[in-house]
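Asks: below is the sequence, then the predicted model.
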Amino acid sequence: MVSLLEMPQTLSQQLPRQNDRLVDEIECAEIMIDVRDLDFAYGGNTVLHNVSLDIPPRAVTAFIGPSGCGKTTLLRCINRMNDLIEGARITKGAIHLGGTDINAPEVDVVDLRRRVGMVFQKSNPFPKSIYENISYGLRIAGINRRSQIDEAVEKSLRAAALWDEVKERLEANAFGLSGGQQQRLCIARALAVEPDVILMDEPCSALDPIATARIEELIQELKTQYTIVIVTHNMQQAGRVSDHTGVFYLGKLIEFGPTTKIFTNPSEKRTEDYITGRFG
Amino acid sequence: MIAAPSNRRRTRLLEGSLFWAFRIGTYFVLFCATYIFLDIGIKGGRTVFMRTAPFVNLKFLIEPPQTLYVFNYQGKKMELSDRQFRDWKTTHKEDVDVTSISYSAGGIWPCIVGTALLVIGSMTVALFIGISCAIYLSEYSRDGRFIRLIRVAILNLAGVPSIVFGLFGFGLFVVFFGWNVSLLSGWFTLGLMVLPAIITASEESLCAVPQGLREGSLALGATKWQTIRKNVLPYALPGILTSSILGIARVAGETAPIMFTAAYAMRDEMPWQVSHWTNFFFQGVMALPYHIYVVSSKIPQNEYTERVQYGTAFVFLVVVMLIALTSILLREKQRRRLSW
């Protein structure tokens, strides 16, 4: 006889792929972030319309599109950074991270942001030493053991390919670093709290080509461990670093799929127009 | 078409006279400032400085005020302080025709101490309330009708005349709370008076901290308070403190708020001479601005009172200038250190 607890599972096995929700749950392992029918508005001004996409784990997903198309807004929805903006809210749909609705009332936004790190367009190191920049996230998480922090600082600086450049001057102010180093410091800072996802909002827009190349290299290394979502204006960059690409236009996701397909054989006319530079 | 020559001449005349109007206005300010500083500097300097070593009239700085006795004795003009006069009386039994002038002998030490105590206490009160209020307004509150109302209230508070603060403090702290004329009443009255300046300065300093630092901190999983405490306030605090030093000059200088709440015209004990430590907070003190007021308007004027008036004004001016100077130096140092 089947016990009550096992019943639902048995049922779902009997009814495969008939219900979207069941399909979602079964494919959970393959989807890190699930954006479903999302509408987002600043006050009365809707800037995202019915966006749905699945972001796979341990891969790089790029959002591209012309300015003001809503890609940064969507990115900032994923760690609820938009909570800081008055009147900004999701009006329809939901975002699930590993199966949990991130906007559910029982979700603690502080925990969410610890799981979903972010690197900003303008590098924003804290006006503290390099060491304190990295240890900041650990200390606010309540980790105070010096040895543990030392270890994490080295590990994350190595992961961000910055260790060799700064190991001699960890106590120096982070403002003394170059622009590219500052941005890698911000990446290291995000890595130190061991998130699952790293959101990058045009991380190279203020950097020269050499610093950009280093960050792109870094992204390639990081994707073996982290789920990375990157917003970029630079189409070549999306082509180089990403595995999946979403093309946005006027607040709508017009195409989403493997990067190779988007760049070589887009199914949408507008995607092709944008990629070939006919607009945007 | 190019303007006719007559027209051009008129334009030039207008430009020239405007230039002179502005220039004269500026020179007038300069003249007034120079006159005030020279007047106080020269006449006050005569009281505070001496021709012989140690060149500074220490007696004036470290003694309490005393009554001055002036009389003619055997064709000699005597100027004795209260204590000296009593000593003199023990050896000289003759009757002399004495003029006594209050507060014109001795010094102003208790006033300096009282002003220092008032400044320290009231700035503590004002900074504590002011920074809390500024954090609430700039970090927590969301813009709305209520918040706009609060801002209007703060602006209006800045426009309230100081005598009204004095009467308010008298009504609330002295009478209603029963604190009497005391340091505590003065601290809160003066603190409330500089509150708008502190709130405005604090809000500006908080706003000057780049938004990126807040976002960067929040994105690492910091709570709002952690972000404010570790990544906003430390960078805003130097600015808040240096701007507040100008508030110190105001607190030190106001007479009206303390005349009903904290200041005594004359007190023999120093503030630390209290029977129990709690009484410290419930004692009135002497203060520099109130002393100037008393010696300039409450006693008959003559050449002797003028010495005290100018001497006190001079010391007072030096104290306030030192505070302002510290503020400017600190701010410049700060600007160089923290630039985004």
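Replies: That came through, no problem.

Asks: pretty sure A:Val116 is in contact with A:Asn79, am I right?
Replies: Yes: using CB atoms under 8 Å, A:Val116 and A:Asn79 qualify as a contacting pair, with a distance of 4.1 Å. Every residue, glycine included, has its C-beta placed from N, CA and C.

Asks: number of nearby residues for B:Asn185?
Replies: No, residue B:185 isn't Asn; it's Ser. 27 (other CB atoms under 10 Å in any protein chain shown).

Asks: do B:Leu137 as well
Replies: 18.

Asks: got it, and A:Ala41?
Replies: Every residue meeting other CB under 10 Å relative to A:Ala41 is counted, giving 18.

Asks: now name the helix or strand holding B:Ile135.
Replies: Secondary structure assigned from DSSP states H and E places B:Ile135 in helix B:109-135.

Asks: so whatever helix or strand comes next after that helix versus helix B:109-135, what angle?
Replies: Next along the chain after helix B:109-135, taking DSSP H and E as the criterion, comes helix B:145-159. Using axes from the mean of the first three to the mean of the last three CA atoms, to 10 degrees, the interaxial angle of helix B:145-159 with respect to helix B:109-135 works out to 160 degrees.

Asks: show me what counts as buried in the helix or strand following helix B:145-159.
Replies: Along the chain past helix B:145-159, the next helix or strand (assigned with DSSP H and E) turns out to be helix B:162-169. Buried positions in helix B:162-169, judged by neighbour count with 16 or more other CB atoms under 10 Å in any protein chain shown: B:162, B:165-169.

Asks: residues shared between the contacts of A:Val116 and A:Asn79?
Replies: A:197, A:199 (CB atoms under 8 Å, 6 or more residues apart in numbering or on different chains).

Asks: still on that earlier bit, reformat the buried residues of helix B:162-169 as CSV; add pLDDT and distance to chain A.
Replies: Rendered in CSV, the data for those read as follows (pLDDT from 0 to 100; distance: CB to the nearest CB, whole Å):
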residue, pLDDT, distance to chain A
B:Ser162, 92, 37
B:Phe165, 94, 35
B:Gly166, 94, 40
B:Leu167, 95, 40
B:Phe168, 95, 35
B:Gly169, 94, 38
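
Asks: interface residues of the stretch 151-280 of chain A facing chain B?
Replies: On the criterion CB under 8 Å from any CB of the partner chain, chain B has as its neighbours in the stretch 151-280 of chain A the residues A:186, A:189-190, A:193.

Asks: and which of those is nearest chain B?
Replies: Looking at those and their distance to chain B, the nearest is A:Val193, at 5.8 Å (CB to the nearest CB).

Asks: now do the contacts for the closest residue in space to the closest one that isn't next to it in sequence.
Replies: Of all residues not flanking A:Val193 in the chain, A:Gly137 sits nearest, at 4.0 Å (CB to CB, 6 or more residues apart in numbering or on different chains). The neighbourhood of A:Gly137, defined by CB under 8 Å, 6+ apart, consists of A:114, A:189-190, A:192-193, B:220-222.

Asks: if we go to 7 Å?
Replies: Under the criterion of CB atoms under 7 Å, 6 or more residues apart in numbering or on different chains, the neighbours of A:Gly137 are A:189, A:192-193, B:220-221.

Asks: likewise for B:Arg331?
Replies: Counting by CB under 7 Å, 6+ apart, B:Arg331 makes contact with B:Thr242.

Asks: okay, now B:Phe128: neighbour count?
Replies: B:Phe128 is flanked by 12 other residues according to other CB under 10 Å.

Asks: burial measure for B:Gly200, as a count.
Replies: For residue B:200 the amino acid is Thr, not Gly. The local packing of B:Thr200 (other CB under 10 Å) involves 17 other residues.

Asks: the helix or strand it falls within: how far from the chain's middle?
Replies: When secondary structure is defined using DSSP H and E, the element that contains B:Thr200 is helix B:183-208. How far helix B:183-208 lies from its chain's middle: 14 Å, per CA atoms, centre = their mean, to the nearest Å.

Asks: that helix and chain A in contact?
Replies: No: contact between helix B:183-208 and chain A is absent, the nearest approach being 12.4 Å (criterion: CB under 7 Å from any CB of the partner chain).

Asks: buried ones in the helix or strand that that helix is followed by?
Replies: Sequence-wise, the next helix or strand downstream of helix B:183-208 (DSSP H and E) is helix B:211-219. Residues of helix B:211-219 classed as buried by neighbour count (16+ other CB under 10 Å): B:212-219.

Asks: which one of the buried residues of helix B:162-169 is nearest to A:Arg58?
Replies: Proximity of the buried residues of helix B:162-169 to A:Arg58 was ranked by CB to CB; the top entry is B:Phe165 with 64.9 Å.

Asks: let me see the contact set for the closest one.
Replies: Taking CB under 7 Å, 6+ apart as the criterion, B:Phe165 is in contact with B:189, B:192-193, B:257.

Asks: one more: B:Phe281?
Replies: Going by CB under 7 Å, 6+ apart, the list of residues near B:Phe281 reads B:182-184.

Asks: re earlier: would you mark the buried spots in the helix holding B:Ile135?
Replies: For helix B:109-135, by 16+ other CB under 10 Å, it's B:109-119, B:121-123, B:125-127, B:129-131, B:133-135.

Asks: just stretch A:147-165 next, same as before
Replies: Along stretch A:147-165, these residues count as buried under the neighbour rule (16+ other CB under 10 Å): A:149, A:152-153, A:155-157, A:159-163, A:165.

Asks: inside helices: which ones of the residues you listed?
Replies: Secondary structure defined by DSSP state H assigns A:149, A:152-153, A:155-157, A:159, A:163, A:165 of the buried residues of stretch A:147-165 to helices.

Asks: B:Phe60: which of those is nearest?
Replies: Closest to B:Phe60, out of all of those and judged by CB to CB, is A:Ile149, at 58.1 Å.

Asks: what packs against the helix holding B:Ile135?
Replies: In terms of contacts (3 or more CB pairs under 7 Å, 6 or more residues apart in numbering or on different chains; DSSP states H and E), helix B:109-135 is packed against helix B:183-208, helix B:233-253, helix B:288-297.

Asks: do that again at 10 Å, thanks
Replies: helix B:58-62, strand B:65-73, helix B:145-159, helix B:183-208, helix B:233-253, helix B:256-259, helix B:288-297, helix B:303-337 (3 or more CB pairs under 10 Å, 6 or more residues apart in numbering or on different chains; DSSP states H and E).

Asks: tell me the mean pLDDT over that helix?
Replies: Mean pLDDT, taken over the full extent of helix B:109-135, equals 93.

Asks: what's the angle between it and helix B:183-208?
Replies: Angle between the axes of helix B:109-135 and helix B:183-208 is 40 degrees (criterion: the same axes, to 10 degrees).

Asks: rewinding a little: which one of the contacts of B:Phe281 has the most neighbours?
Replies: With neighbours set by other CB under 10 Å, the maximum within the contacts of B:Phe281 is found at B:Leu183, which has 24 neighbours.

Asks: which ones are touching that one?
Replies: Going by CB atoms under 10 Å, 6 or more residues apart in numbering or on different chains, B:Leu183 touches B:114, B:117-118, B:120-122, B:258, B:261-262, B:271, B:280-285.

Asks: and A:Ile26, what's its pLDDT?
Replies: According to the predicted model, the pLDDT of A:Ile26 comes to 41.

Asks: make JSON lines out of the contacts of A:Gly137 and add secondary structure and neighbour count.
Replies: Supplementary listing: the contacts of A:Gly137 in JSON lines, determined by DSSP: H, G, I helix; E, B strand; the rest coil; neighbours: other CB atoms under 10 Å in any protein chain shown:
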{"residue": "A:Arg189", "secondary structure": "helix", "neighbour count": "29"}
{"residue": "A:Ala192", "secondary structure": "helix", "neighbour count": "26"}
{"residue": "A:Val193", "secondary structure": "coil", "neighbour count": "23"}
{"residue": "B:Leu220", "secondary structure": "coil", "neighbour count": "27"}
{"residue": "B:Gly221", "secondary structure": "coil", "neighbour count": "23"}
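
Asks: between the buried residues of stretch A:147-165, which sits nearest chain B?
Replies: When the buried residues of stretch A:147-165 are compared for distance to chain B (CB to the nearest CB), A:Ser156 comes out closest, at 11.7 Å.
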